[in-house]
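J.: just a sequence and a predicted model for now, questions to come.
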Amino acid sequence: MSRKLAWIGNGPAMDPEVTKKARIALLQEEIQSIHYVNELYWRQTNHSVAAKAEHYRRQDRLEEIRNELAELLKA
């Protein structure tokens, strides 16, 4: 992947479009990671209180990620 640099202030900065694409890729990887952990969670039959709490936190994070992706993709 080639990186485009632009000069801002006293030094180089990433091209905003490259930064945006990198952020999107990072968020998509995080979604895949969360989905994998959720699959493991649902394969278990008995969920502890802590495991349920972690699952709900992951669900909240998925919602945050989806909202951020929507903003990035519409811009």
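T.: Yep, that arrived. Not measured: the values here are computed from a predicted model.

J.: quick one: least confident helix or strand in the chain?
T.: In the chain, the helix or strand scored least confidently by mean pLDDT, DSSP states H and E is strand 5-8, which has a mean of 50.

J.: give me the buried positions along the helix or strand hosting residue 23.
T.: Assigned by DSSP states H and E, residue 23 falls within helix 16-43. The neighbour-count check on helix 16-43 (16 or more other Cβ atoms under 10 Å) flags 27, 34 as buried. Glycine gets a C-beta too; all of them are placed from N, C-alpha and C.

J.: same check, this time on stretch 64-75
T.: Within stretch 64-75, the residues scored as buried using 16+ other Cβ under 10 Å are residue 65.

J.: what's the answer for stretch 47-61, then?
T.: Of the residues in stretch 47-61, those buried (16+ other Cβ under 10 Å) are 55, 58.

J.: begin at 288 from here
T.: Noted, 288 is the first residue going forward, which turns the last one into stretch 334-348.

J.: dump that stretch to CSV, restricted to CA.
T.: Output of stretch 334-348 as CSV, limited to C-alpha atoms (Å, rounded to 0.1, in the frame of the first residue of the first chain):
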residue,chain,number,x,y,z
HIS,A,334,-22.6,-17.7,30.6
SER,A,335,-21.2,-16.1,33.8
VAL,A,336,-22.3,-12.7,34.9
ALA,A,337,-18.9,-11.4,33.8
ALA,A,338,-19.1,-13.1,30.4
LYS,A,339,-22.6,-11.5,29.8
ALA,A,340,-21.3,-8.1,30.8
GLU,A,341,-18.4,-8.5,28.3
HIS,A,342,-20.8,-9.5,25.6
TYR,A,343,-23.0,-6.5,26.2
ARG,A,344,-19.9,-4.2,26.1
ARG,A,345,-18.9,-5.8,22.8
GLN,A,346,-22.4,-5.2,21.4
ASP,A,347,-22.2,-1.5,22.5
ARG,A,348,-18.8,-1.2,20.8
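
J.: what pLDDT, on average, does it get?
T.: Mean pLDDT, computed over stretch 334-348, is 97.
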